[in-house]
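K.L.:
build me a model:
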Amino acid sequence: MIGILQILGGLALFMFGIRLLSAGMEKLAGEKIQLWLGKVTESRLRSAGFGTLATAFLQSSGLLMVTMIGLINANLMTVQQSIGIMLGQEIGTTITAQIVVFDIGAFRLLFVIAGFIFIECFEHRDWKKYGEIMMGLGLIFVGMSYMSSSLDELMKIPSFSKLLVTMGQRPFIGVFAGLVVTAITQSSTAVTSMAVAMGMNQAITLEGAIGIILGANIGSCVTGFVASFGQARTARQASIAQILINVFGVFLFLPFIDQYTSLVAYTSHELPRQIANAHTIFNVVVSVILVPFVKQIAQMSAWLTPVSRIPEKAKVTAFIDEMQYSVPSVALSEAARELTRVGDITAQMVSDGCAALINLDKNKIKSVLAQEEELVDPIDKELTHFINMLMNKDLTRAQQQRCFQIKNLLIDIERVGDMAEDIAEYALERIENKVEFTAPAIEDLQHLWDHAHRTYVLGIQAFSESDTEKAGQVCRLESEFDRLYGQARRAHIHRLEEGGCQPQADVIFTETLRILERISDHAENLAVSVARSLAEKAAKKAF
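P.N.:
Got it, this is the predicted structure:
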């Protein structure tokens, strides 16, 4: 009983260590992962390279798989690209097993102590990630130590020792055991490391350990498969593709397991290292073999994925997906892209609304009103909810500040959409009541409309590109708009005094000018936010 508790306790410490290490590495390398993700193309080797590096950093193929499903669901990644990444992540998962073989002795406790100090004693929140990495690494080795030392007690149980012997004689049982335990723990890394721990105490043969490793590879598909439920058909194709890859690898090696065992035995004199090497060689060979057949795997996964009889619900968002929460850096990047998208939509609405007001275009009025109801308001609701949920995750200070920035700027952009709707309604009022504008009024309105629209578009670009030069240009244009606004107001008052303007035209013209002035102010809010954010980043780097 004590041995079982020690194994379970060691496994719990190991998995918690993996989670801490993964969280710390994501905070440390999240921006790099997002940068690499943006460079992933149809190139199989580049995709595989990204998969290897990202999994090595995140220490979780399941985490990366769930994130990919989110990106596929948002149409930001093709199934073919994801398959290339999957082949790379198969290689990336082998790193942990190679690390835990090392005997670092009491240094594992030093890692835990140092991690605790960084997490609890340093007020600067960004230091926390280094504490998580060190404590996670220390707990991994502590967990391995517990699992390894407890096996002596378990080996005294006849049924358990007999099971391990049977695994060595019948690898199929090891495959099944590895599959089931991985499906339950949702961590092939933990199961593979348990096999290594057994090897440290000579509690398992190399053949039995290889069987567990093969089963763990199939069991690792469960996380992605479950995550794909209820998602788009392409997301389900990706999970099917992962199953095809791992099942193919197992069936490729299983008939030759005796020969493979003999080959791996030459790689080291120590059983734990042999087990780790068996894991590495298996994943590398399978990935290398399948890289040329990425397209064919994508086609087969499409063929095996049934078409849902229930029509898929149309999404108003284009970039964000709840699956992205698992990697906050990716989620934030896609939220920023969604914000830019809704900004572009509202910019077009402003242009169409003003054009409708001047040219009395009913089609543009309908377009503006439809976009506000069918796109801007729903996207605002979805993106706000997405950011609120993301802020409940364990974020760095910079990530929290980015969340607040996106939420605040979304308010500015949504209000611009409301203002474009107001202009469209004024255009409709002008048509219905046959309100006439004088030629000078139309000229002033056209000039201010062009200026405000150009300023707003530039503000969106400054945010999208993180461009301080464009942000500064927006601020200068806004100051120029205030001068033009004053001139247009004085000219309008002069026309009123001369009796050259209808009372209804006065209200519509004056309110439209006021709306354009507020749009220009919102553009400046975008620019100031960008400039402040970039200045804080520069100060942080200098510090």
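K.L.:
for Pro171, which non-adjacent residue is closest in space?
P.N.:
Gly211 (3.6 Å; C-beta to C-beta, 6 or more residues apart in numbering). For the C-beta atoms, the positions are set from N, CA and C on the backbone; glycine is no exception.
K.L.:
in terms of pLDDT, where does the one you found sit?
P.N.:
According to the model's per-residue confidence, Gly211 sits at a pLDDT of 88.
K.L.:
so it versus His279, what's the distance?
P.N.:
12 Å (C-beta to C-beta, to the nearest Å).
K.L.:
check Ser82 too.
P.N.:
23 Å.
K.L.:
do Val142 as well
P.N.:
Counting by C-beta to C-beta, the gap from Val142 to His279 is 21 Å.
K.L.:
okay, the two: which has more neighbours?
P.N.:
His279 (29 against 20; other C-beta atoms under 10 Å).
K.L.:
ok, the more buried one - contacts?
P.N.:
If you count contacts by C-beta atoms under 8 Å, 6 or more residues apart in numbering, His279 has them with 94, 97, 192, 213.
K.L.:
contacts only, for the first one.
P.N.:
Put plainly, it is Thr94. If you count contacts by C-beta under 8 Å, 6+ apart, Thr94 has them with 276, 279-280, 283-284.
K.L.:
and it, what's its pLDDT?
P.N.:
Confidence for Thr94, expressed as pLDDT, is 85.
K.L.:
can you tell me the element the nearest residue to it once chain neighbours are set aside falls in?
P.N.:
Nearest residue to Thr94 in three dimensions, chain neighbours excluded: Thr280, at 4.1 Å (C-beta to C-beta, 6+ apart). Per DSSP states H and E, Thr280 falls inside helix 271-290.
K.L.:
next SSE downstream of that helix?
P.N.:
helix 294-304.
K.L.:
report the buried residues of the helix or strand just after that following helix.
P.N.:
The first helix or strand that comes after helix 294-304 along the chain, using DSSP H and E, is helix 328-359. By neighbour count on 16 or more other C-beta atoms under 10 Å, the buried set for helix 328-359 is 328-336, 338-343, 345-358.
K.L.:
one step back: closest to Lys407 among the contacts of Thr94?
P.N.:
Lys407 lies nearest to Asn283 out of the contacts of Thr94, by C-beta to C-beta, at 41.5 Å.
K.L.:
residues contacting the residue nearest to Ile281 when sequence neighbours are not counted?
P.N.:
Nearest in space to Ile281, with sequence neighbours left out and distances taken as C-beta to C-beta, 6+ apart, is Val264 at 6.6 Å. Residues in contact with Val264, defined by C-beta under 8 Å, 6+ apart, are 206, 210, 274, 277-278, 281.
K.L.:
as JSON lines, these with distance to Leu244 and neighbour count would be great.
P.N.:
Formatted as JSON lines, the entries for the contacts of Val264 read as follows, by distance: C-beta to C-beta, whole Å; neighbours: other C-beta atoms under 10 Å:
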{"residue": "Leu206", "distance to Leu244": "27", "neighbour count": "21"}
{"residue": "Ile210", "distance to Leu244": "21", "neighbour count": "29"}
{"residue": "Gln274", "distance to Leu244": "28", "neighbour count": "22"}
{"residue": "Asn277", "distance to Leu244": "25", "neighbour count": "22"}
{"residue": "Ala278", "distance to Leu244": "22", "neighbour count": "29"}
{"residue": "Ile281", "distance to Leu244": "21", "neighbour count": "16"}
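K.L.:
now do Ala542, the pLDDT please.
P.N.:
Note for Ala542: predicted pLDDT of 53.
K.L.:
what does Leu375 give?
P.N.:
Leu375 carries a pLDDT score of 93 in this model.
K.L.:
grab the nearest non-local neighbour of it.
P.N.:
Distances taken as C-beta to C-beta, 6+ apart place Ile345 nearest to Leu375, at 5.7 Å, with adjacent residues excluded.
K.L.:
skipping its backbone neighbours, what lies nearest Glu372 in space?
P.N.:
Glu372 sits nearest to Glu421 (C-beta to C-beta, 6+ apart), 4.5 Å away.
K.L.:
hmm, Met349 and the one you found touching each other?
P.N.:
Yes - Glu421 is in contact with Met349 according to C-beta atoms under 8 Å; the separation is 7.4 Å.
K.L.:
overlap of the contact sets of the two?
P.N.:
Going by C-beta under 8 Å, 6+ apart, residues that sit against Glu421 and also against Met349 are 368, 372.
K.L.:
so Ala197 sits right up against Phe141, yeah?
P.N.:
No - using C-beta under 8 Å as the test, Ala197 is too far from Phe141 to be in contact (10.9 Å).
K.L.:
and these two? Which one has more around it.
P.N.:
Per other C-beta under 10 Å, whichever of Ala197 and Phe141 has more neighbours is Ala197, with 28 against 23.
K.L.:
for the stretch 51-200 of the chain, which segments are assigned as helices?
P.N.:
Using DSSP state H, counting those that start in this stretch, the helices found in the stretch 51-200 of the chain span residues 61-73, 79-92, 94-100, 107-121, 128-154, 158-169, 171-185, 188-200.
K.L.:
mind saving the C-alpha coords of the fourth one as CSV?
P.N.:
Right, helix 107-121. What follows is helix 107-121 as a C-alpha-only set of coordinates in CSV (Å, rounded to 0.1, in the frame of the first residue of the first chain):
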residue,chain,number,x,y,z
PHE,A,107,20.6,19.4,-6.6
ARG,A,108,16.9,18.6,-7.3
LEU,A,109,16.1,20.1,-3.9
LEU,A,110,18.2,23.1,-4.7
PHE,A,111,16.1,23.7,-7.8
VAL,A,112,12.9,23.5,-5.6
ILE,A,113,14.3,25.9,-3.0
ALA,A,114,15.5,28.4,-5.7
GLY,A,115,12.2,28.2,-7.5
PHE,A,116,10.3,28.9,-4.2
ILE,A,117,12.5,31.9,-3.5
PHE,A,118,11.9,33.4,-7.0
ILE,A,119,8.1,32.8,-6.8
GLU,A,120,7.5,34.1,-3.2
CYS,A,121,10.3,36.6,-2.5
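K.L.:
spit out the residues that contact Ala197 and Phe141 alike.
P.N.:
A shared contact of Ala197 and Phe141, defined by C-beta under 8 Å, 6+ apart, is any residue touching both; here these are Val100.
K.L.:
run through the residues that contact Thr280.
P.N.:
Thr280 makes contact with 91, 94, 97-98 under the criterion C-beta under 8 Å, 6+ apart.
K.L.:
out of those residues, which are buried?
P.N.:
Applying the neighbour count, that is 16+ other C-beta under 10 Å, the buried entries in the contacts of Thr280 are 91, 94, 97.
K.L.:
so which of these is the closest to Trp303?
P.N.:
Distance to Trp303, by C-beta to C-beta, is smallest for Ile91 among the buried ones among the contacts of Thr280, at 26.7 Å.
K.L.:
can you pull the pLDDT of the closest residue to the closest one other than its chain neighbours?
P.N.:
By the measure of C-beta to C-beta, 6+ apart, the closest residue to Ile91 outside its immediate chain neighbours is Thr52, 4.7 Å from it. The predicted local distance difference test score for Thr52 is 82.
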